[in-house]
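Asker: 3D model of this:
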Amino acid sequence: MEYRFRKLNPNSQEDMKDYIMFETKLNNYLKSIVTKITEEEINWRKMHFVEGDEATFFCECDDGIVGYINVCSYHVVNNKRPNDDIGLISDIMVDRNHSNQGDNALTLLKLGIEELMKNGKTKAIMVVQEDNENRFLHFSLADKILSQKEISRRDGSKTISYELLISN
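Answerer: This next block holds a predicted model:
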């Protein structure tokens, strides 16, 4: 099976629909408290894509879109966006049937990192939960644990969420 990678076009209704579908899929996988993405949030994201603050890359094949990564050329501390060299890898997901032993996720990660570097970012923050079966990839990339806190899932279960810094 041949996989192709491309950047989301924020002016494409189809791309925005695919983006929302994968973000919803990731929220469901994580049993996130967030159950529905609002129209206001979709418009907010679209504005950031157009302005270049955020970028999403898709992995696709004949089955359609099978994975994505979303990166932001900013991060938020105490409700402010510091003007520094730190970006954010906010989401990454590849459908289990198309993981190709991690190759597709690695390609998406490289595309996301290249985008951050293109925007002057030399470090990135990534969040992962303790019960994520792919957490070892996240921890292997990180230099430092910035924070950890207990969070609740939609089903009432609890897990530890780690905020990681990648700087090399």
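
Asker: can you pull the contacts of the residue most central in space within the chain?
Answerer: In the chain, the centroid-proximal residue (Cα atoms, centre = their mean) is residue 91; its distance is 1.3 Å. By Cβ atoms under 8 Å, 6 or more residues apart in numbering, the contact set of residue 91 is 22, 23, 26, 68, 69, 70. C-beta: built from backbone N, CA, C; applies to glycine.

Asker: With residue 104 as the reference, measure out to residue 65.
Answerer: To residue 104, residue 65 is 11 Å away according to Cβ to Cβ, to the nearest Å.

Asker: what is in contact with the two at once?
Answerer: Residues touching both residue 65 and residue 104 by Cβ under 8 Å, 6+ apart: residue 59.

Asker: List the neighbouring strands of the helix or strand hosting the residue nearest to the centre of the chain plus their orientation.
Answerer: Residue 91 is part of strand 86-94 when elements are defined by DSSP states H and E. Partners of strand 86-94 in the sheet, by DSSP bridges, are strand 64-72 (antiparallel), strand 123-129 (parallel).

Asker: Residue 147 against residue 163, yeah?
Answerer: Yes. The criterion here is Cβ atoms under 8 Å, and residue 147 meets it with residue 163 at 4.5 Å.

Asker: Of these two, give the one with the bigger neighbour count.
Answerer: Neighbours per residue (other Cβ atoms under 10 Å) separate residue 147 from residue 163, with residue 163 holding more: 16 against 11.

Asker: Help me confirm that that one comes into contact with residue 142.
Answerer: No. Residue 163 is beyond contact range of residue 142, at 9.5 Å (criterion: Cβ under 8 Å).

Asker: how near is residue 31 to residue 147?
Answerer: 21 Å.

Asker: quick check, residue 145 in a strand?
Answerer: Yes. Residue 145: assigned to a strand according to DSSP: H, G, I helix; E, B strand; the rest coil.

Asker: Please name the residues that touch it.
Answerer: When contacts are counted by Cβ under 8 Å, 6+ apart, residue 145 touches 162, 163, 164, 165.

Asker: Isn't the last one up against residue 146?
Answerer: Yes. Look at residue 165 against residue 146 with Cβ under 8 Å: they come within range, at 5.3 Å.
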